[in-house]
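Engineer: Provide a 3D model corresponding to the input given below.
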Amino acid sequence: METPVLRRLRDLTDFEVADDNPDVRGWTVRGNDGQALGTVFELIVDPDAMNVRYLDVELDSRFHINEHENHILLPIGAASLDEEGDNVFVPALNAESVLNYPPYIEIQITREYEEAMLRALGKEPTANPRFYEQESFDTDSFYSRRAS
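Structural biologist: So this is what the prediction gives:
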């Protein structure tokens, strides 16, 4: 099965976040230790499925990662929301483990890269031909799951 073409939300003029869901761009991303890891820079969407697949996170400068490797992609289902504080929580990452996470450089997202991301989050990629049906890509759970 061919990997769908994923696009940045800002590049799609006829696509927007659903009315009942918050636009999380600009929100702080926090790891399981509560520390800020960065901010949501952009949403990466699958226009054919009309779903957000990834959060493009710009890491805080305190991580001292060079300007070409200061972004990571998080599968949408690997995070949860705290709307009160405009935070996105990523239970599988913290300030230490994010340094070993595969950096995102704006090139075509390959299946190998997607599988490396899942492994960095402690998830084993499925061999299912419907790759985006695994829980790591569950948009509904992202928008309905609230961090406690």
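
Engineer: Help me confirm that Arg30 is found in a helix?
Structural biologist: No. Applying DSSP: H, G, I helix; E, B strand; the rest coil, one finds Arg30 to be strand, outside a helix.

Engineer: Could you measure from it over to Leu6?
Structural biologist: 25 Å (Cβ to Cβ, to the nearest Å). The C-beta positions use only the backbone N, C-alpha and C, and glycine is treated the same way.

Engineer: Tell me which of these two has more neighbours.
Structural biologist: Neighbour tally, Arg30 and Leu6, criterion other Cβ atoms under 10 Å: the higher count belongs to Arg30, 23 against 19.

Engineer: what bridges to the more buried one?
Structural biologist: Ala36, Phe89 (DSSP bridges).

Engineer: I'd like the distance between it and Ala92.
Structural biologist: 12 Å.

Engineer: got it, and Asp19?
Structural biologist: 29 Å.

Engineer: Same drill for the two, tell me which one is more crowded.
Structural biologist: Comparing Asp19 with Ala92 by other Cβ under 10 Å, the one with more neighbours is Ala92, at 18 against 5.

Engineer: Tell me which residues touch the more buried one, please.
Structural biologist: Ala92 sits next to 32, 78, 121-123 when contact means Cβ atoms under 8 Å, 6 or more residues apart in numbering.

Engineer: if we go to 7 Å?
Structural biologist: 78, 121-122 (Cβ atoms under 7 Å, 6 or more residues apart in numbering).

Engineer: Which helix runs longest in this structure?
Structural biologist: helix 111-120 (DSSP state H).

Engineer: who's in contact with that helix?
Structural biologist: Residues contacting helix 111-120 (Cβ under 7 Å, 6+ apart): 3, 73, 75, 100-102, 125, 136.

Engineer: Buried among the contacts of Ala92? Need that as a selection in PyMOL.
Structural biologist: Burial among those is assessed by 16 or more other Cβ atoms under 10 Å; the matching PyMOL selection reads:
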select buried, resi 78+121
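
Engineer: Pick out whichever of the contacts of Ala92 sits closest to His64.
Structural biologist: Leu121 (22.3 Å; Cβ to Cβ).

Engineer: Could you check how far the nearest residue to that closest one once chain neighbours are set aside is from Lys123?
Structural biologist: In space, and not counting its chain neighbours, Leu121 is closest to Ala92: 4.2 Å by Cβ to Cβ, 6 or more residues apart in numbering. Relative to Lys123, Ala92 is positioned 8 Å away (Cβ to Cβ).
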